[in-house]
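> Sequence unavailable; structure follows:
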C-alpha cells in the first residue's frame with residue numbers, strides 16, 4: 001500500500017499537469033481565435049454557404065471546397081479528351097466537352113457562391129457535381145479503352161417521307177379495320 005504522503009505527492013503532480021494542459025489548450029484556442037478574428041466575420045446562415053452542415057443525401061458529406069474541386073475535375077476530363085485519339089466529331093466527345101466547359105465557366109464565375117453554381121448547372125448540389133465528374137472519368141476511361149466511338153455507325157434518317165400517310169402504311173390513324181366498322 002502507498003503511504004498518505006505518496007498519495008498527496010501523486011495527487012499534486014496530477015493536478016498540476018491537468019492545470020497546465022487546460023492552460024495550454026486555452027492558449028491554443030485564444031491564438032486560433034485571434035488569428036481568425038482578424039478576418040471579416042460574416043454572419044453564418046444555417047444551411048447556406050459555410051453554414052451548410054448537411055447535403056441531405058446519405059453518404060455525401062458537405063464539402064466547402066467543392067467548387068474548386070469541380071473546376072479541377074472537369075478540366076481533367078477535358079485534358080484527357082484532348083490527349084486521346086477520339087475524333088473531335090464523336091458525339092460523346094462533343095457532349096462531354098460542352099458540359100465540362102459550361103460547368104467550369106459556371107464555377108469560375110461563382111467561386112464563392114456554390115448555390116449559384118448549383119442553380120446554373122441545374123444537376124444537383126456542388127458535392128454531387130464533383131461525384132458526377134468522378135463518374136464521368138470512369139466512363140471515359142471505358143469509352144477510350146474500348147474505342148466505342150468506332151462502333152457508332154451513321155444512320156440514314158428520312159426527314160420528309162414521300163408517303164401521304166407519313167410512312168405508317170395503308171391504315172390511317174383512327175380508322176378501324178373493315179370487319180369492325182359500325
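Sure, I can see it. The shown structure was predicted, so the numbers you read here are calculated from the model rather than taken from an experiment. Residues are numbered from 1 along each chain as shown.

> Quick check, pLDDT for residue 59.
Note for residue 59: predicted pLDDT of 85.

> How about the one 10 residues further on?
The per-residue pLDDT reported for residue 69 equals 95.

> With residue 156 instead?
83.

> To which secondary structure element type does it belong?
coil (DSSP: H, G, I helix; E, B strand; the rest coil).

> Who are the contact partners of it?
By CB atoms under 8 Å, 6 or more residues apart in numbering, no residues touch residue 156. In this view, the C-beta of every residue, glycine as well, is placed from N, C-alpha and C.

> so where's this structure shaky on pLDDT?
1-42, 44-51, 160-182 (pLDDT under 70).

> what about residue 116, neighbour count?
A count of neighbours around residue 116, defined by other CB atoms under 10 Å, yields 16.

> could you measure it against residue 126, distance?
Remark: distance between residue 116 and residue 126 (CB to CB, to the nearest Å) = 10 Å.

> What of residue 75?
16 Å.

> do the same with residue 103
With CB to CB as the criterion, residue 103 and residue 126 are 10 Å apart.

> Of these two, give the one with the bigger neighbour count.
Comparing residue 103 with residue 126 by other CB under 10 Å, the one with more neighbours is residue 126, at 26 against 23.

> In contact with the more buried one, which residues?
63, 66, 67, 70, 114, 117, 118.

> Excluding sequence neighbours, find me the nearest residue to it.
Nearest non-adjacent residue to residue 126, counting by CB to CB, 6 or more residues apart in numbering: residue 66, 3.8 Å away.

> That neighbour: neighbour count?
Neighbours around residue 66, by other CB under 10 Å: 22.

> So what does it look like in phi/psi?
Backbone torsions of residue 66, given as degrees, to the nearest 10, read phi -70, psi -40.

> Test my guess that it contacts residue 130.
Yes: look at residue 66 against residue 130 with CB atoms under 8 Å: they come within range, at 5.3 Å.

> Quick one: list the elements packing against the helix or strand where residue 69 lies.
Taking DSSP states H and E as the criterion, residue 69 maps to helix 66-83. Counting contacts by 3 or more CB pairs under 8 Å, 6 or more residues apart in numbering; DSSP states H and E, helix 66-83 packs against helix 91-109, helix 114-121, helix 126-146.

> ok, how many other residues are close to the nearest residue to residue 91 once chain neighbours are set aside?
Take residue 91 and drop its neighbours on the chain: the residue closest to it by CB to CB, 6+ apart is residue 152, 7.2 Å away. Counted with other CB under 10 Å, the neighbours of residue 152 add up to 10.
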